[in-house]
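[1] just to be clear, the model below is a prediction. Sequence and coordinates:
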2 protein chains.
Amino acid sequence: MSEYIAPLRDMQFVLQELAGLERVAELPGCEEATPDLVDAVLEEAARFATEILSPLNWPGDQEGARWHDKMVTMPAGFKEAYRMFTDGGWPALACEPEWGGQGLPKVVAAAVAEMWKSANHSFSLCPLLTAGAIEALVLTGSDQLKATYLEKMVSGQWSGTMNLTEPSAGSDLAAVRTRAEPQADGSYLIFGQKIFITYGEHDLTENIIHLVLARTPTAPEGVKGISLFVVPKFMVNDDGSLGDRNDAYCVSIEHKLGIHASPTAIMAFGDHRGAVGYLVGEENRGLEYMFIMMNAARFGVGLEGVAACERAYQRARDYARERVQCTDIGVRGGPKVAIIKHPDVRRMLMTMRSRAEATRALAYVVAAAHDTALRHPDVAERKRQQAFVDLMIPVVKGWSTESGVSIASIGVQVHGGMGYVEETGAAQHLRDAQISTIYEGTTGIQANDLIGRKMARENGATLKAVIEEMRALDADLAGREGGHLAAIRSRFRAGIDALAVAGEWLVTTYGVDVRAASAGAVPFLMLLGIVAGGWQMARAGLIAQAKIDAGDSDPFYAAKIITARFYADHVLSQAAGLASSITEGVEGVNALPEDLF
Amino acid sequence: MSEYIAPLRDMQFVLQELAGLERVAELPGCEEATPDLVDAVLEEAARFATEILSPLNWPGDQEGARWHDKMVTMPAGFKEAYRMFTDGGWPALACEPEWGGQGLPKVVAAAVAEMWKSANHSFSLCPLLTAGAIEALVLTGSDQLKATYLEKMVSGQWSGTMNLTEPSAGSDLAAVRTRAEPQADGSYLIFGQKIFITYGEHDLTENIIHLVLARTPTAPEGVKGISLFVVPKFMVNDDGSLGDRNDAYCVSIEHKLGIHASPTAIMAFGDHRGAVGYLVGEENRGLEYMFIMMNAARFGVGLEGVAACERAYQRARDYARERVQCTDIGVRGGPKVAIIKHPDVRRMLMTMRSRAEATRALAYVVAAAHDTALRHPDVAERKRQQAFVDLMIPVVKGWSTESGVSIASIGVQVHGGMGYVEETGAAQHLRDAQISTIYEGTTGIQANDLIGRKMARENGATLKAVIEEMRALDADLAGREGGHLAAIRSRFRAGIDALAVAGEWLVTTYGVDVRAASAGAVPFLMLLGIVAGGWQMARAGLIAQAKIDAGDSDPFYAAKIITARFYADHVLSQAAGLASSITEGVEGVNALPEDLF
């Protein structure tokens, strides 16, 4: 079975040429991110991904995480891999130096995280959730909470979880019912059940730090009455050693379509005497704090989409090079050829390749903007970048993960009948990719966030600014007529126009008829993803052409231009149809009476 | 877990209004297909599907078919269900009365088969393969072969298989290496290994009749040297009783993504003394005969796509009606509502519903054309209908099954996190649906068949005739301006135009640059599917409007018009983009040198 190889050349290109790593490295606190250091980090991560994580992916899927007596045993090899992972300092990569982190920019951490996700989606979820918990504690925890937990979470010695969902409160956090009763010593006792808790129980770390949403007795109804609590699996003594087992137990794990090696726990808090918890920040502001984790987690899940496209592409490409079947098309009686020569196999591979590159480019650009938003000395620039990040997070989440599913499905198809046989490995990528469109908010929820909070609330201001930037690039492309770039420009321009029309319609309609606007939410998220991806591919094509014109003979640049061309003709080509479905497709969505479904 | 309920109202509408069941019943040999009989058959089949097959679907998936000692044990309940299936006479539905069949038209059998597939994809494969084997024997077998095998296969007492694929001959049948050595008594001894043999071994029937492709010693190389043989699992004595075990054994079954209850066998022929086989028809004409089975099987697999859309839709709709989550959009502080009220959930359900209806309509119309092609007294009409069937079979196969996968994926998404949990059942539909895009020829192979054999070879004549028929309907729609039908007309006309341009380009290009044409083969298959589906939905909308205008108050008609409207705005809207990807997208597909992938 072929192992994952990190696409270092494309990652470096995107980091340097599209995401502006040099400018990121000029930000206060990012000075260590020199090109040499970043290259060394990426190469080391690539080696770890290929040699340690990738070989565990398939056996981990087959063995799965196993529950017994409220404990979870991880598949063979995961414990050793996790120890090597923490020994290598990987959990601390983008964390604050104050707590033992290495303080690298988020954009570098994004490239590294993509590798973990491509190599072993299930494994990567443990550090993903821990990173979210760290971020919430850094930003909102008391000094005592930080002193007690952060260092060991940054080192990876302890892991973290997010406990939001309850059986009747899935996407609707207003319905959270878990109770938190204040105790005389300032702590709380937590009572309630949480479901779908990723890595809620496992044997990789000696302690697990649960972040739990719950209501205090005096809390108002709805989302404004939710507080956030730290609930450790084992109590922590004053000297940092582990104390009693807390009353927080995993009562079962789910039997899922994929990510079998990632235990999805049903957690019971307080079934015996109450689970001891500590308030994070202030009461009733839990949802706000949780959104800190969720935005980071949504971006991280978006990267899973990128990673799924890349992994599925690599496996399909390797198979298409090896598998000999039929003669070259149009050649009768010739020799049998590898199927990569067949036009439709090429079309599938180009679809996969171009989607991996486009989703990667957009995700890293957003990550770099996030670094700038956090660290730029100019407050206006910080604000501008943050608005871009806020607009794009649901797109990175929704569009990349939907891409991951469709690309992994194409990957199965490239393998023909072998793709349907589990041992081939292509089917696992599809099964694993499917969860990314669901957790941390389904694509529909991302799209509602996009058109509501991120667009309508500000009258589409940030979207308009993005469209202006796109039009500026169109002007750059206008100077490069002829060949692939001219074709790319033509498709890109049509895409921008479609995006502008649909965006304008949505913002206008949202205030008048929110049901009508919402009917087009997901198509608009896809449209924005497609055009924003096309924007980055067009930028990449222009830069590649400039390198070639300057005499650079690296074939990477010619490949980049052809891939951008494919993306333009086969992906951007969908933009106008999507826009018209949004602006004219409301009646079809909303007219059917419920009882006639 | 909700059981499948056959969509009888829509099936009857499509049979009567779109597929012209009355005219089919006027064909010689179809006289028994009176409306009353057909309704009774459909109702009885619906009951069997809901009560017997559907409840076995999920346990069958979880238990799976199990191999041991070259035998396969089917999951609990399958044996009893199969006995009831044969007791009910279901295998014989569309078979020739001469061999015990009921001689019902193919279009009626299609509706019934759709039910088996929706209710239990794995179970339905046994009769599907048997029907293909029966068809090949009826058309090409000697009198003795017919007398020995047909009656027991038609009754379902014995099942049939198709043995094409070998490890190095997947889609490339020219590479078949299985040998057939002639014996003194006129029989042959077969030696070789076949893979991916659906129901190659099982315990539902007392005998299994394998149809096997192999080469005789004097056969020419390539596809012109392949012969077809009957190889029974147990030899048949002159009195029809079973004799010795033949040397045809299942050495293993595959561990697959889905259809776990359908055993996919690796068959070893002749490992011990040679497997006794009997030549079907003439030597070296095996591929031609196998194509008889394959066309029937391809249509049958296309129905699996219809069935997957319908089944996934039903489960998602039922869940969306039950699952209460969040307030109605735009209503603050209101009561929580069922998620079917949320616009994006409606959009997903309408996508699923409209795709089920469109793929069903097209498939049944093609089945009725097949009945006419076989039985119409006028030879010119037979030829015309056969050309339509030949053109559309790859579309029914490729487009319906790709629809099945994407619709089943949406079905998972409607369920949110619960969709990813296997017990919910939505994930099984996705896992099962995926195989339909692969077996009996991948979508890429269907598309090559479409643009090559079915279009370029006849200069696009049948496609042009179909487009003319579509334009005639556009003229009918022109008389019905206003409201939904006007919107449908506008989208349908744009779809026809896109289809005409892309079709013309493909036929012209095929002769000049087959690689360029092939790059657009799958997008064209999808385009033809989308527009042909829109054609049937537009026909349905017109008929529904006429019923309403005539005072019919059945709400089915209003729902049909809204569903057709949705399809127009959200599916037909993709046509222009697809056409431009075909005519302008060649370079992106074919330009990248292989070593740069």
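    Sure, I can see it.
[2] now what about stretch A:33-52, what contacts it?
    Applying Cβ atoms under 8 Å, 6 or more residues apart in numbering or on different chains, the contact partners of stretch A:33-52 are A:3-6, A:8, A:11-12, A:15-16, A:21-22, A:24-25, A:81, A:84-85, A:88, A:90, A:93, A:104-105, A:108, A:111-112, A:115-116, A:118-120. (Glycine included, C-beta is placed from N, CA and C.)
[3] below-threshold pLDDT in chain A: ranges please.
    Residue ranges of chain A with pLDDT under 70: A:1, A:481.
[4] 90 instead?
    A:1-2, A:94-97, A:167-175, A:222-223, A:287, A:290-296, A:326, A:330-334, A:479-483 (pLDDT under 90).
[5] quickly check: the top strand by length along it near chain B or not.
    For chain A, the strand that runs over the most residues, judged by DSSP state E, is strand A:188-198. Yes - using Cβ under 8 Å from any Cβ of the partner chain, a contact is recorded between strand A:188-198 and chain B, made by A:195-196.
[6] that strand pairs with which strands?
    strand A:179-182 (antiparallel), strand A:264-269 (antiparallel), strand A:275-280 (antiparallel) (DSSP bridges).
[7] next SSE downstream of that strand?
    Counting by DSSP states H and E, the next helix or strand C-terminal to strand A:188-198 is strand A:207-214.
[8] name the strands paired with that following strand and say parallel or antiparallel.
    strand A:158-163 (parallel), strand A:227-232 (antiparallel).
[9] can you redo those as a markdown table with distance to A:Arg321 and mean neighbour count?
    As requested, these are arranged in a markdown table below (distance: least, Cβ to Cβ, whole Å; neighbours: other Cβ atoms under 10 Å in any protein chain shown):
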| stretch | distance to A:Arg321 | mean neighbour count |
| --- | --- | --- |
| strand A:158-163 | 39 | 26 |
| strand A:227-232 | 50 | 26 |
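[10] quick check: which of the strands paired with strand A:188-198 is nearest to A:Asp143?
    strand A:275-280 (12.4 Å; Cβ to Cβ).
[11] next, the buried residues of that closest one.
    A:275-280 (16 or more other Cβ atoms under 10 Å in any protein chain shown).
[12] name the nearest of the residues you listed relative to chain B.
    A:Ala275 (22.7 Å; Cβ to the nearest Cβ).
[13] show me what that closest one bridges to in the sheet.
    Beta-bridge partners, per DSSP bridges, of A:Ala275: A:Ile190.
[14] the closest residue to chain B within the stretch 101-250 of chain A - how many residues pack around it?
    Closest residue of the stretch 101-250 of chain A to chain B, Cβ to the nearest Cβ: A:Asp172 (4.5 Å). By other Cβ atoms under 10 Å in any protein chain shown, the residues close to A:Asp172 number 18.
[15] quick one, what contacts A:Ser118?
    A:4, A:6, A:49, A:307-308, A:310-311.
[16] how about 7 Å then?
    A:4, A:49, A:307, A:310-311 (Cβ atoms under 7 Å, 6 or more residues apart in numbering or on different chains).
[17] tell me which of these fall in helices.
    A:307, A:310-311 (DSSP state H).
[18] helix, strand or coil for the residue lying closest to A:Gly160 once chain neighbours are set aside?
    Distances taken as Cβ to Cβ, 6 or more residues apart in numbering or on different chains put A:Ala133 closest to A:Gly160, at 2.7 Å, once the chain neighbours are dropped. Using DSSP: H, G, I helix; E, B strand; the rest coil, the secondary structure recorded for A:Ala133 is helix.
[19] quick one, what contacts A:Ala133?
    A:153, A:160-162, A:209, A:211, A:293.
[20] and of the strands paired with strand A:207-214, who's closest to A:Asp432?
    Across the strands paired with strand A:207-214 (criterion: Cβ to Cβ), the nearest stretch is strand A:158-163, sitting at 19.6 Å.
[21] and the closest one, how far out from the chain middle?
    Centroid displacement of strand A:158-163 relative to its chain, using Cα atoms, centre = their mean, to the nearest Å, is 17 Å.
[22] likewise for stretch A:122-139?
    13 Å.
[23] now for the strands paired with strand A:207-214, which one comes closest to A:Leu362?
    Among these, strand A:158-163 sits nearest to A:Leu362 (Cβ to Cβ), with 24.8 Å.
[24] list the contacts of the closest one.
    A:126, A:129-130, A:132-134, A:152-153, A:194, A:197-200, A:204-213, A:267, A:293.
[25] one more: stretch A:239-247?
    A:206-207, A:231-237, A:269-276.
[26] at 8 Å instead, please
    Contacts for stretch A:239-247 (Cβ under 8 Å, 6+ apart): A:148, A:152, A:206-207, A:231-237, A:269-276.
[27] if we can go back for a sec, now distance to B:Val522 too, for the contacts of A:Ala133, in a markdown table please.
    A markdown table is the format used below for the contacts of A:Ala133 (distance: Cβ to Cβ, whole Å):
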| residue | distance to B:Val522 |
| --- | --- |
| A:Met153 | 48 |
| A:Gly160 | 45 |
| A:Thr161 | 43 |
| A:Met162 | 41 |
| A:Ile209 | 49 |
| A:Leu211 | 46 |
| A:Met293 | 41 |
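[28] any idea which element the closest residue to chain B within the stretch 1-150 of chain A lies in?
    Residue nearest to chain B within the stretch 1-150 of chain A (Cβ to the nearest Cβ): A:Gln62, separated by 9.2 Å. A:Gln62 belongs to helix A:54-63 when elements are defined using DSSP H and E.
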